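Colleague: Build the 3D model from these lines:
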Amino acid sequence: MIRFALIAASVLGFALTAALGNLMVPLLRELQRTMRGAQPEQETDRKEPEEPVPTIGGLCLMVGTLAAVGAGWLAACAAQPSLLGSDRQMMSRLLIALLGTFAFGAVGVADDLACIRSRSALGMRRAPRLALEAAAAALVLGLLALSGCLPAGLVLPGAGYIRFAPAPLLWGALLVALAEAARVADGADGTVCGTAFVAMLGLMMLETQLGWFPLAVFPAALAGALMAFLLWDFPPAKLHPGKCGCLFAAGAIGCIPLCIGYAELSVPLALPFWLEGGMVALQIIVWKASGGRRQLFGTAPLHRWLEKRGRAPISIFYTFCVFAMLGVALAMQMAKIS
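Modeller: Numbers count the residues shown, from 1 in each chain. Here you go, the predicted structure:
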């Protein structure tokens with residue numbers, strides 16, 4: 001019956017997101033026209049077509065996932081009534097993961113609105129954006145601490161589980177860094193959604209393997225929603241997830257493992273995002289260290305680097321999916337160590 005809950009969450013997430021996508025594409029396109037008005041063009045990471053591709057498509061993901069998780073959880077409770085009694089802490093963990101994910105998604109919405117107003121890919125200024133992301137991370141950590149679910153250590157390869165007093169600070173930094181890395185990845189059609197889809201499938205398998213079967217309704221619902229969203233975001237994209245979708249996906253990859261006590265699994269699960277963000281960070285460090293005279297890579301992040309080498313958008317999409325599958329395999333191995 002719990003398996004039925006996962007299937008129901010996935011199917012409902014797919015159906016709702018598909019329906020919302022059909023409704024929201026024209027509405028979001030009109031919103032962009034209205035908010036941009038007659039402001040001058042500024043350079044962005046994507047090549048803009050004559051008919052602008054709407055952004056903030058991540059709103060479809062957020063609404064579809066929330067409804068699907070609710071339905072999936074009700075089905076799980078019907079199959080396992082103890083989830084409303086002795087296992088009530090399961091619900092607390094699920095709610096905290098949802099709240100944290102939506103908090104990061106809300107930061108992405110604000111970032112997208114700033115992008116639309118300025119017609120620039122830069123969006124919000126770095127300081128307020130980082131402050132909002134840090135606040136979202138602090139919210140998750142605070143709620144986990146209040147509910148007694150905050151991990152007190154981490155799993156290290158070769159050493160197993162070790163207690164580590166500053167672990168909460170590490171998890172907060174991890175959530176913010178992951179959000180920033182996913183934000184950088186919002187430059188190629190389908191890469192963010194494809195990466196997140198593979199990660200959610202991996203998380204669903206990991207939660208069942210680690211004994212958190214009922215909580216797998218969240219990644220199951222989001223996997224279904226992401227599959228539907230790829231109908232529009234697959235190259236060539238007709239709807240972009242925007243910073244909203246990127247940070248929502250990053251929030252899920254970061255918050256779900258944290259809420260079940262395996263925060264370190266976010267590192268391999270988000271492998272493509274780390275490659276994107278890490279490449280940009282190294283590029284900036286080398287450029288500043290050389291006084292602007294040298295670049296480590298010809299261009300960054302990774303999807304831009306692949307574009308410069310003649311890779312087609314579909315090829316880049318599948319490359320990111322392969323990296324995501326490698327990350328899931330590494331996460332599975334880490335779960336065995338713990």
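Colleague: For the nearest residue to Gly57 once chain neighbours are set aside, give me its contacts.
Modeller: With sequence-adjacent residues excluded and distances taken as CB to CB, 6 or more residues apart in numbering, Gly57 is closest to Leu239, at 4.2 Å. Placement of C-beta: from N, CA and C, glycine included. Leu239 makes contacts with Gly21, Met24, Val25, Leu28, Val53, Pro54, Gly57, Cys60, Phe229, Trp232, Asp233, as judged by CB atoms under 8 Å, 6 or more residues apart in numbering.
Colleague: Return the backbone torsion pair for Leu239.
Modeller: Note on Leu239: its backbone torsions stand at phi -150, psi 130 [degrees, to the nearest 10].
Colleague: Can you list the residue ranges for strands in the stretch 151-300 of the chain?
Modeller: Per DSSP state E, counting those that start in this stretch, the stretch 151-300 of the chain carries strands over the ranges 153-156, 160-163.
Colleague: Let me have those strands in a markdown table, adding distance to Arg129 and mean neighbour count as columns.
Modeller: Shown next, in a markdown table, are the strands of the stretch 151-300 of the chain (distance: least, CB to CB, whole Å; neighbours: other CB atoms under 10 Å):
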| stretch | distance to Arg129 | mean neighbour count |
| --- | --- | --- |
| strand 153-156 | 27 | 16 |
| strand 160-163 | 33 | 12 |
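Colleague: Leu132 is nearest to which of those?
Modeller: With CB to CB as the criterion, Leu132 lies closest to strand 153-156 of the strands of the stretch 151-300 of the chain, at 25.8 Å.
Colleague: Identify all contacting residues around the closest one.
Modeller: Looking at strand 153-156 with CB under 8 Å, 6+ apart, the contacting residues turn out to be Tyr161, Ile162, Arg163, Phe164, Ala167, Leu170, Tyr262, Ala263, Glu264, Met334, Ile337, Ser338.
Colleague: That one pairs with which strands?
Modeller: strand 160-163 (antiparallel) (DSSP bridges).
Colleague: Show me how far the partner strand is from its chain's centre.
Modeller: How far strand 160-163 lies from its chain's middle: 27 Å, per CA atoms, centre = their mean, to the nearest Å.
Colleague: what pLDDT, on average, does stretch 303-316 get?
Modeller: Stretch 303-316 shows a mean pLDDT of 91.
Colleague: Pull out the buried positions in it.
Modeller: His303, Arg304, Trp305, Leu306, Glu307, Arg311, Pro313, Ile316 (16 or more other CB atoms under 10 Å).
Colleague: got it, and stretch 281-298?
Modeller: Judged by neighbour count (16+ other CB under 10 Å), stretch 281-298 contains these buried residues: Ala281, Gln283.
Colleague: Just the CA atoms of it, as PDB, please.
Modeller: As requested, C-alpha coordinates have been extracted for stretch 281-298 and formatted as PDB (Å, rounded to 0.1, in the frame of the first residue of the first chain):
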ATOM      1  CA  ALA A 281      34.400  29.600  -8.400                       C
ATOM      2  CA  LEU A 282      37.800  28.400  -9.700                       C
ATOM      3  CA  GLN A 283      37.500  30.700 -12.700                       C
ATOM      4  CA  ILE A 284      36.900  33.700 -10.500                       C
ATOM      5  CA  ILE A 285      39.700  32.700  -8.000                       C
ATOM      6  CA  VAL A 286      42.300  32.300 -10.800                       C
ATOM      7  CA  TRP A 287      41.200  35.500 -12.600                       C
ATOM      8  CA  LYS A 288      41.400  37.600  -9.400                       C
ATOM      9  CA  ALA A 289      44.700  36.000  -8.300                       C
ATOM     10  CA  SER A 290      46.300  36.900 -11.600                       C
ATOM     11  CA  GLY A 291      45.000  40.400 -11.600                       C
ATOM     12  CA  GLY A 292      42.600  39.700 -14.500                       C
ATOM     13  CA  ARG A 293      45.300  38.400 -16.800                       C
ATOM     14  CA  ARG A 294      44.500  34.700 -16.800                       C
ATOM     15  CA  GLN A 295      41.500  32.400 -16.900                       C
ATOM     16  CA  LEU A 296      41.600  28.800 -15.900                       C
ATOM     17  CA  PHE A 297      39.000  27.800 -18.400                       C
ATOM     18  CA  GLY A 298      38.100  29.500 -21.700                       C
END
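Colleague: what's next to it, contact-wise?
Modeller: Judged by CB under 8 Å, 6+ apart, the contacts made with stretch 281-298 from elsewhere in the structure are Met279, Ala300, Trp305, Lys308.
Colleague: Among those, which one lies nearest to Val176?
Modeller: When the contacts of stretch 281-298 are compared for distance to Val176, the smallest value, 18.2 Å, is given by Met279; criterion: CB to CB.
Colleague: count of residues packed around that closest one?
Modeller: Here the count is done by other CB atoms under 10 Å, and Met279 has 21 residues near it.
Colleague: Now do the contacts for it.
Modeller: Under the criterion of CB under 8 Å, 6+ apart, the contact list for Met279 reads Phe297, Ala300, Pro301, Leu302, Trp305.
Colleague: hang on, the earlier thing: now the contacts of strand 153-156 in TSV, with distance to Ala179 and pLDDT?
Modeller: What follows is the contacts of strand 153-156, written out as TSV (distance: CB to CB, whole Å; pLDDT from 0 to 100):
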residue	distance to Ala179	pLDDT
Tyr161	26	70
Ile162	26	77
Arg163	27	79
Phe164	22	76
Ala167	19	84
Leu170	15	91
Tyr262	19	89
Ala263	14	90
Glu264	17	89
Met334	21	85
Ile337	26	59
Ser338	25	58
